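**Student:** Here's a sequence, model it:
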Amino acid sequence: VLRFRTSAAAREFHSAFDGVPYSSLEPHALCHMAWVSRVEWARDGTPPPSHTELPTCPVCLERMDESVAGVLSVQCAHAFHAECLVRWRDARCPVCRCAQTPEGREARCEQCARAAPGDQTGADGEEARDGLAEGLPDGVTAGALWICLICGHVGCGRYEGGHAAKHFLASNHTYALQLGSNRVWDYAGDKFVHRLVQNKPDGKLVAAEGAEGAGGEEAGCGAKLDSVQLEFTYILTQQLDRQRAYYEDNIAKLECERSAECEALRARAAAAEAEGAALRGQVALLTRDNKALDRRLQQLNTKLSTLQNELSEERGLATALAGSQAQWQEQARLKEQAFMQEVSDLKEQLRDVMFFVEARGQLEKSECATQEEIASASVSVAPAKPRRRRR
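**Tutor:** Numbering: from 1, shown residues only. Predicted coordinates for the structure are as follows:
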């Protein structure tokens with residue numbers, strides 16, 4: 001199934017590929033297309049309600065749709081595509097090998113190779129033995145062939161070579177069908193037997209009329225037909241009873257299987273319901289836990305935002321303190337330098353004072369200098385020697 005976006009594209013595709021061969025190697029395999037208004041489908045491979053699945057052609061295994069390709073039905077109720085049946089090129093059904101034209105157009109006697117109808121002279125010209133001969137109904141000319149209904153042997157009649165009767169004497173096959181009239185001859189009873197034959201115009205099975213004769217013979221034929229009908233009815237009823245019993249057994253088996261399957265499905269459904277209830281309980285618990293976790297997460301987020309604000313404030317305060325600390329450290333360093341300078345000056349002054357005091361004491365102890373010399377004396381200190389650099 002192909003779906004197009006526009007109707008113009010669909011018409012173009014249809015005109016380009018409808019009726020065109022798929023391959024040049026198979027010119028008879030043509031591509032057929034049909035317009036589809038809507039598509040309906042069902043589950044499990046069953047057709048939708050009020051719909052019937054199209055059968056498939058036994059030859060090409062494709063669906064048989066009358067709107068796409070012609071469908072032909074043969075006498076044995078088998079349907080095919082018209083092209084597939086034409087390509088079959090055989091008078092027999094491709095499925096059951098049923099001959100659509102029972103009369104062989106080129107049938108010949110197996111002994112004298114005489115066509116039907118054909119030459120009037122036989123191979124040996126002999127008459128049938130012991131007076132055994134087939135009847136010759138009105139309207140049928142001499143030269144018709146007879147086919148054995150047991151083994152399919154084809155032989156000429158009593159008016160040609162008598163090979164059909166000779167086949168009966170050799171094989172004891174009683175019944176032979178006359179090609180052309182579809183009537184059956186009984187060699188044992190030396191007469192025509194009135195059974196169901198195939199109607200030539202439409203191919204239906206009809207009751208064959210017996211040869212014209214006395215009224216007693218017609219009454220015997222009617223009795224035989226009644227007995228055949230009763231026998232056929234009995235066989236048909238027996239077969240129908242067997243089919244009914246067979247289908248009833250199949251239906252019972254299917255019902256048992258269906259009931260077991262339904263029980264299994266019910267058990268699975270109950271287990272699935274119990275599992276669903278347990279899962280619903282778990283979902284409720286998980287939902288409650290999720291709500292509690294959401295609340296806790298909100299609290300933690302609030303606390304985290306508060307701590308982040310405090311951290312930012314602390315960082316700002318630490319930055320300010322670090323700046324003030326640097327200023328104080330600079331001030332302390334300057335004060336320390338000033339203090340050290342003052343201490344060094346005081347140490348020098350103290351050294352000078354001590355030196356002066358010691359020198360005065362030494363001078364007072366000495367006898368060479370007087371008080372006036374000591375009072376007018378001055379002390380000078382030699383400059384310190386520069387230190388030598390070590391290599």
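
**Student:** quick one: stretch 34-53 to chain centroid distance?
**Tutor:** Stretch 34-53 has its C-alpha centroid displaced from the chain centroid by 17 Å (Cα atoms, centre = their mean, to the nearest Å).

**Student:** mean confidence for it?
**Tutor:** Per-region confidence: stretch 34-53 scores 74 on mean pLDDT.

**Student:** gap between Trp88 and Phe80?
**Tutor:** Relative to Phe80, Trp88 is positioned 8 Å away (criterion: Cβ to Cβ, to the nearest Å). C-beta here means a position set from N, CA and C on the backbone, and glycine is covered the same way.

**Student:** Of these two, give the one with the bigger neighbour count.
**Tutor:** With other Cβ atoms under 10 Å as the criterion, Trp88 and Phe80 differ in neighbour count, and Phe80 comes out ahead with 23 against 13.

**Student:** Can you verify the more buried one is assigned to a helix?
**Tutor:** No - going by DSSP: H, G, I helix; E, B strand; the rest coil, the assignment for Phe80 is strand, not a helix.

**Student:** At which residues are the strands of the stretch 201-350 of the chain located?
**Tutor:** Taking DSSP state E, counting those that start in this stretch as the test, the strands found in the stretch 201-350 of the chain are 205-207.

**Student:** what's next to the helix or strand in which Glu12 is found, contact-wise?
**Tutor:** Per DSSP states H and E, Glu12 falls inside helix 7-17. For helix 7-17, the external contacting residues (Cβ atoms under 8 Å, 6 or more residues apart in numbering) are 2, 4, 31, 33, 35.

**Student:** give the contact list for Gly19.
**Tutor:** Gly19 sits next to 30-32 when contact means Cβ under 8 Å, 6+ apart.

**Student:** Return the distance of Leu300 relative to Thr287.
**Tutor:** With distances defined as Cβ to Cβ, the gap from Leu300 to Thr287 amounts to 20 Å.

**Student:** Quickly list the domain ranges of the protein.
**Tutor:** Recorded structural domains for the chain (assignment: automatic domain parsing) are 1-39, 53-100, 129-212.

**Student:** So which of the ones you listed is nearest Val228?
**Tutor:** Closest approach to Val228 among these is made by domain 129-212 (7.0 Å; Cβ to Cβ).

**Student:** Going by residue numbers, what spans are helices in the stretch 201-350 of the chain?
**Tutor:** With DSSP state H, counting those that start in this stretch as the definition, the stretch 201-350 of the chain shows helices at residue ranges 215-365.

**Student:** Residues that sit against both of Trp88 and Phe80, list them.
**Tutor:** 59, 94.

**Student:** tell me which element Leu169 falls in.
**Tutor:** helix 163-171.
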